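**Student:** Have a look at this fold, sequence not included:
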Ligand code: ST9
Ligand code: ZN
Ligand code: ZN
């Protein structure tokens, strides 16, 4: 492997070139932030999300019931969908776009964006913005899934309530110029509106735009939002997983919808959320005992390499999110393979010396090499 063992600061220098996207320092913990004094803002439930998440998980349970009736090919297809959507989060939204821990060519970025839409976890821009505030203001009011608010909040609860105002306030100050300059990220996020304008005599409520002219008519425009992201999610997260088994090997549409569709989607979500909940609560802290994120091997397994969370919060720019390369870390193997194919390059990593010095200085004493 051509992995560079550079010092972490050198690894952060932006590097021009064909695949160059700028690097980011917005994932470094900011110890100057202080939570505001006084009572916390009230919790505002978002019923739409509560209902949709309940329906999704009920659908996933029904997928479990249907599992025995799925054909072998459908099970293999479900695993493929799981892996592809997982890579869209781990190798894509997380290691490439949130942390800029390696550089990816245009075709690879297109693949990762497609895989990312299959995982339906918000568009890449929103995911990376939330994730940078998570690292920068970890476990404070400005962390979207602040684990100090408990397992449930860090896991799924944060998606069921309005954000703490500090998340938005701090998030707006982040430098996201690298994401805005990435055509693939912005294409996935783009909102294209189809606007149908009519002039009607009306006092009735207006769906979207509303302006009165001199003749007393209302110009009512009905905006149908066909954002690229929503469309890509419908096609890639729901239709494709369902239709492929139906079309190619005659699986029933119900099994296609509930197994590679809803069951796979809810497993991907929960595997991801466990990084925020379990890996911020259970495990050792060999690199930095002063922070909450932990080394959790179960999470590393289900999240294809993303459970070495004490290491990751200590050295967020390391492309492997661990010092042990491909061990329990399919995402690292994938990025290495992409480099081998010439589709990625400039993997950032941390030298053994830097790691050992840090272990000595701030570790909890549980460190084992290898
Ligand atoms: C999902 C995401 O599941 C999961 C992410 C997990 C992250 C894990 C990280 C762990 C490490 C990596 C490991 C990967 C492992 C993968 C393993 C795979 C096997 N900064 O959000 P809104 C502003 S998604 C700056 O509506 P509310 C902004 O102007 C699941 N500004 O806030 C924004 O407008 P716009 C499916 C910010 O009203 C406006 O505020 N999706 C920021 O409080 C309003 O934003 C869902 O369930 C910021 N950080 O609502 C939907 N944030 O965006 C969930 C906001 O237009 N989301 N602004 O610029 C929602 O419905 C809402 O966000 C809400 C909050 C109700 C939760
Ligand atoms: Zn991260
Ligand atoms: Zn974390």
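**Tutor:** Looks like it came in fine. The shown structure was predicted, so the numbers you read here are calculated from the model rather than taken from an experiment. Ligands and ions are numbered 1, 2, ... in the order given.

**Student:** Please count neighbours and contacts with C-alpha atoms only from this point.
**Tutor:** Noted.

**Student:** can you tell me the helix or strand for residue 185?
**Tutor:** Assessed by DSSP states H and E, residue 185 sits inside helix 183-189.

**Student:** Any buried residues in that helix, and which?
**Tutor:** 184-186, 188-189 (16 or more other C-alpha atoms under 10 Å).

**Student:** try stretch 269-283
**Tutor:** 269-281, 283.

**Student:** Residue 285 contacts residue 279, correct?
**Tutor:** No - at 10.5 Å, residue 285 does not count as touching residue 279 under the criterion of C-alpha atoms under 8 Å.

**Student:** what's the overlap in contacts for these two?
**Tutor:** Shared contacts of residue 285 and residue 279 (C-alpha atoms under 8 Å, 6 or more residues apart in numbering): 293-295.

**Student:** Flag every residue of the stretch 151-300 of the chain that's near ligand 1.
**Tutor:** 158-163, 167-168, 171-172, 268-269, 271-273, 275-276 (C-alpha under 6 Å from any ligand atom).

**Student:** Let's see which of these end up in helices.
**Tutor:** 167-168, 171, 268-269, 271-273, 275-276 (DSSP state H).

**Student:** Which single one of these is nearest to ligand 1?
**Tutor:** Proximity of these to ligand 1 (C-alpha to the nearest ligand atom) peaks at residue 171, which lies at 3.1 Å.

**Student:** List the residues that contact the residue lying closest to that closest one once chain neighbours are set aside.
**Tutor:** Of all residues not flanking residue 171 in the chain, residue 133 sits nearest, at 6.0 Å (C-alpha to C-alpha, 6 or more residues apart in numbering). Listed by C-alpha under 8 Å, 6+ apart, the contact set of residue 133 reads 26-27, 142-144, 167, 170-171, 174.

**Student:** Buried subset of the residues you listed as a PyMOL selection?
**Tutor:** Listed next is the PyMOL selection for buried residues among the contacts of residue 133, using 16+ other C-alpha under 10 Å:
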select buried, resi 26+27+142+143+144+167+171
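
**Student:** so which of the contacts of residue 133 comes closest to ligand 1?
**Tutor:** Nearest to ligand 1 out of those is residue 171 (C-alpha to the nearest ligand atom; 3.1 Å).

**Student:** how near is that closest one to residue 137?
**Tutor:** Going from residue 171 to residue 137 by C-alpha to C-alpha, to the nearest Å gives 10 Å.

**Student:** Same check on residue 259?
**Tutor:** For residue 259, the distance to residue 137 - C-alpha to C-alpha - is 37 Å.

**Student:** Check residue 81 too.
**Tutor:** Residue 81 sits 33 Å away from residue 137, going by C-alpha to C-alpha.

**Student:** more crowded one of these two?
**Tutor:** When neighbours are counted by other C-alpha atoms under 10 Å, residue 137 comes out ahead of the other of residue 81 and residue 137, with 27 against 24.

**Student:** Now do the longest helix along the chain: everything it contacts.
**Tutor:** For the chain, the helix reaching the highest residue count under DSSP H is reported as helix 47-66. Here helix 47-66 makes contact (C-alpha under 8 Å, 6+ apart) with 159-160, 255, 258-259, 262-264, 266.

**Student:** Mind listing what's buried along it?
**Tutor:** In helix 47-66, counting by 16+ other C-alpha under 10 Å, buried: 50, 53, 56-57, 59-64.

**Student:** same thing with stretch 245-258?
**Tutor:** In stretch 245-258, counting by 16+ other C-alpha under 10 Å, buried: 245-246, 251-252, 255-258.

**Student:** Show the pLDDT at residue 203.
**Tutor:** Residue 203 carries a pLDDT score of 36 in this model.

**Student:** Likewise for residue 347?
**Tutor:** pLDDT, residue 347: 98.

**Student:** That one: how many residues sit nearby?
**Tutor:** Applying other C-alpha under 10 Å, we find 23 other residues in the vicinity of residue 347.

**Student:** pretty sure it is touching residue 99, no?
**Tutor:** No - the pair residue 347 / residue 99 is not scored as a contact, 11.3 Å apart, by C-alpha under 8 Å.

**Student:** May I ask which two of the contacts of residue 133 are separated the most?
**Tutor:** 26 and 144 (15.0 Å; C-alpha to C-alpha).

**Student:** Do you have the helices of the stretch 151-300 of the chain handy? List them.
**Tutor:** 151-155, 165-171, 177-180, 183-189, 228-233, 240-249, 253-256, 264-276, 297-302 (DSSP state H, counting those that start in this stretch).

**Student:** of all the ones you listed, which lies closest to residue 31?
**Tutor:** With C-alpha to C-alpha as the criterion, residue 31 lies closest to helix 165-171 of the helices of the stretch 151-300 of the chain, at 13.2 Å.

**Student:** Identify all contacting residues around the closest one.
**Tutor:** Here helix 165-171 has contacts from 129-130, 133, 141-144, using C-alpha under 8 Å, 6+ apart.

**Student:** now with 7 Å?
**Tutor:** Outside helix 165-171, the residues that touch it by C-alpha atoms under 7 Å, 6 or more residues apart in numbering are 129, 133, 141-144.

**Student:** Could you dump those residues into a markdown table with secondary structure, pLDDT and distance to ligand 1 added?
**Tutor:** Shown next, in a markdown table, are the contacts of helix 165-171 (DSSP: H, G, I helix; E, B strand; the rest coil; pLDDT from 0 to 100; distance: C-alpha to the nearest ligand atom, whole Å):
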| residue | secondary structure | pLDDT | distance to ligand 1 |
| --- | --- | --- | --- |
| 129 | helix | 98 | 5 |
| 133 | helix | 98 | 6 |
| 141 | coil | 97 | 12 |
| 142 | coil | 97 | 8 |
| 143 | coil | 98 | 8 |
| 144 | coil | 98 | 7 |
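
**Student:** Identify the farthest-apart pair in these.
**Tutor:** Within the contacts of helix 165-171, 129 and 141 form the most distant pair, 15.5 Å apart (C-alpha to C-alpha).
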